[in-house]
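Asks: Coordinates only, no sequence provided:
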């Protein structure tokens, strides 16, 4: 009988200890209703996703007269990013059929809750093109994201 009482007390103590360490938290997820990526001129384009900018990014490639040039090291084209803001990154890369000495317009249009906002940067190839050279195109989406959200990303 003493063993039964001891087991019941032990069971109650263990149940209390387990129940007291359970934490319930709420997670809110944003939704993207749709996206479209279009790339011409022998370039590939990949959506690298949304993130929060830890550090600011300087502007580069903001005019067709001063594009970011594809090179051995991956470059960055951006209208500029403020630290703490949401940033959307797309990677544009050369292929074996990318035209030489060509400037490309890279555009992102984000539609948040029915309000479209457009961003543009410029990238260019030099006199020779090596397949696989890349430029990260990073856009400052702002301090918050609202849904529904859709986007169109084009390289032409």
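Replies: Sure, I can see it. This one's a predicted model, so the numbers in the text were calculated from it and none came from an experiment.

Asks: how about the nearest residue to residue 116, chain neighbours excluded?
Replies: Closest residue to residue 116 apart from its sequence neighbours, by Cβ to Cβ, 6 or more residues apart in numbering: residue 109 at 5.5 Å. For glycine as for every other residue, the C-beta is placed from the backbone atoms N, C-alpha and C.

Asks: what sits against the residue nearest to residue 55 when sequence neighbours are not counted?
Replies: Nearest non-adjacent residue to residue 55, counting by Cβ to Cβ, 6+ apart: residue 83, 5.6 Å away. Taking Cβ atoms under 8 Å, 6 or more residues apart in numbering, we find residue 83 in contact with 53, 54, 55, 56.

Asks: where does residue 83 land in three-state SS?
Replies: coil (DSSP: H, G, I helix; E, B strand; the rest coil).

Asks: any idea how far the residue nearest to residue 116 lies from residue 150?
Replies: Look at residue 109 and residue 150: by Cβ to Cβ, to the nearest Å, they are 9 Å apart.

Asks: ok, now residue 57?
Replies: 24 Å.

Asks: The two: who's more crowded?
Replies: Shown here are residue 57 and residue 150; by other Cβ atoms under 10 Å, residue 57 has more neighbours (20 against 16).

Asks: leaving aside the residues next to it on the chain, what's closest to the more buried one?
Replies: Nearest-residue entry for residue 57: residue 81, 3.8 Å, with adjacent residues in sequence omitted and distances by Cβ to Cβ, 6+ apart.
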